[in-house]
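# Here's a sequence, model it:
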Amino acid sequence: IDEVLDAGGLSEPRLARDLADQLPNGALLFSGSSMPIRDLDQAMRPRRGLRILSNRGAAGIDGVVSSAMGAALAHNGPSYALMGDLTFLHDQNGLILGPREPRPDLCLVVVNNDGGGIFSLLPQAALRDPFERVFGTSHGVDLSHVAAATGTPYTFVGEAEQLPKALRGEGVRIVEVHTDREPNAVLHAVMRDAAHTAIRGVL
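Residues are numbered from 1 along each chain as shown. Sure thing, here's the model as predicted:
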């Protein structure tokens, strides 16, 4: 799997793998419930010293920013969150804290593929135009504007090599990574085929 991920650019599975690799010991990683937790499960290398949390709501994406904020406040150490753009937008008000409220040390890593990427891996993706309106749900929101509206520091990452520097800092901050849903679906198929080939080789 590592060979497949390293052969391409900055993909969602590679981001999940690299993020989990690069976080310091004692860190908390709060994962979104849609593709991020699946990408971590498929691509993360085994390691110690990292606590991973995730929750599951009525729609799978409700309250994730707020949950990450609360978990970070309770965690004794640096905290990070990995989530998709729809998950982030669904709970963007979680960024708003009262002036007298404690502020966690939390870096929100947001994968922006302009919609619901998990549905591109399912059969309804073949429906094309109806799919995009009903399942893809493209939003076109500039996340830097959301960050500016709440006074949250913001960094854009366009290359895998930029991630370590972007993660640095203190307090609540946002790191945005753009990906494309269709190449992501192709990459997951390649990963699946590579896993099948490896298993057949052992058997």
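
# Below-threshold pLDDT in this protein: ranges please.
57-60, 117, 119-123, 125, 131-134, 136 (pLDDT under 70).

# need the strands for the protein, in chain order.
27-31, 50-54, 79-84, 106-112, 154-157, 173-178 (DSSP state E).

# how much does the longest helix anywhere in the chain deviate in direction from strand 106-112?
Longest helix in the chain, counting residues (DSSP state H): helix 181-202. If you take axes from the mean of the first three to the mean of the last three CA atoms, to 10 degrees, helix 181-202 sits at 100 degrees to strand 106-112.

# Relative to Ala189, how far out is the closest residue to Ser54 other than its chain neighbours?
In space, Ser54 comes closest to Ser31 once its chain neighbours are excluded; the distance is 4.3 Å by CB to CB, 6 or more residues apart in numbering. No exception for glycine: its C-beta is placed from N, CA and C like everyone else's. Distance of Ser31 to Ala189, computed by CB to CB, to the nearest Å: 22 Å.

# quick one: which of these two has more around it?
Ser31 (26 against 11; other CB atoms under 10 Å).

# tell me the contacts of the more buried one?
Ile37, Leu40, Ile52, Leu53, Ser54, Ala81, Leu82, Met83 (CB atoms under 8 Å, 6 or more residues apart in numbering).

# Most neighbours of all these, which one?
Leu82 (30 neighbours).
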